[in-house]
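**Student:** I would like to see how this sequence folds:
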Amino acid sequence: MVGLKINNMEWYIVRAQANRERKVSERLLKEGEKGELSGVLGRVVVPLEKVFATKNGKKTQREKVLFPGYVFVETSAIGELKQVVKKIDGATGLLSDRAGNIQVIPENEVSRMIGLHEENKAKEFTDIFSIGDEVTVAEGPFASFKGNIEHIDKERGKIKVNVLIFGRPTSVELEDTQIRK
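**Tutor:** Alright, predicted model coming up:
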């Protein structure tokens, strides 16, 4: 549905201070619901990516902003958007060219950005590994052994790694938290 223009809406980029992108987007959405941008604001997107790590043997997941300092906004009223952005704490203005003209973001760039955002939302911990990857065993009796991944069982969170033990390739089933790339 990204390809359709609703009420002549176009995409713009609101620049935000580092780590304030989500607050700026929330404030823009509030203005779109019952403020100055009511009826003229489309989507407001802060593209995120899931980042996985293991900390003390436990899986951790957090979301990281894919394009730091940028909030993508769809609107048909650039004048009103410009006025609202001036009032939002953490927003530094709209992306413009050297002449000071506010830039419209091409539809194909927005489609690519939203595609990345959607793809990253669906990512899971075991997605960071793939069959054939060379990994190092980080925990357990085979710690510091290197091997290649030969099977991934996402439901159980188990990964079969082919490691060399006494010069012979041996298949070992490990938790996904026990290996590192």
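**Student:** got any ranges where the chain has weak pLDDT?
**Tutor:** Scanning the chain for pLDDT under 70 picks out the ranges 1-7, 52-58, 117, 119-127.
**Student:** For stretch 32-39, buried residues please.
**Tutor:** By neighbour count on 16 or more other C-beta atoms under 10 Å, the buried set for stretch 32-39 is 32, 37. No exception for glycine: its C-beta is placed from N, CA and C like everyone else's.
**Student:** What ranges does this protein have for its helices?
**Tutor:** For the chain, the helices defined by DSSP state H occupy 21-34, 78-87, 107-121.
**Student:** Make JSON lines from those helices and add distance to residue 48 to it.
**Tutor:** Listed next are the helices of the chain as JSON lines, based on distance: least, C-beta to C-beta, whole Å:
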{"stretch": "helix 21-34", "distance to residue 48": "9"}
{"stretch": "helix 78-87", "distance to residue 48": "21"}
{"stretch": "helix 107-121", "distance to residue 48": "6"}
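**Student:** just the ones you listed: most buried one?
**Tutor:** Mean neighbour count, computed with mean count of other C-beta atoms under 10 Å, is highest for helix 21-34 among the helices of the chain, reaching a mean of 18.
**Student:** Packing partners of that helix?
**Tutor:** strand 10-16, strand 41-45, strand 70-75 (3 or more C-beta pairs under 8 Å, 6 or more residues apart in numbering; DSSP states H and E).
**Student:** Next, the angle strand 41-45 makes with that helix.
**Tutor:** Inter-element angle recorded for helix 21-34 and strand 41-45: 160 degrees (by axes from the mean of the first three to the mean of the last three C-alpha atoms, to 10 degrees).
**Student:** Got the domain ranges for the chain?
**Tutor:** If you go by automatic domain parsing, the domain ranges for the chain are 10-123, 127-180.
**Student:** Return the distance of the shortest one from the chain's centre.
**Tutor:** When you say that, I think you mean domain 127-180. For domain 127-180, the separation from the chain centroid amounts to 27 Å (computed by C-alpha atoms, centre = their mean, to the nearest Å).
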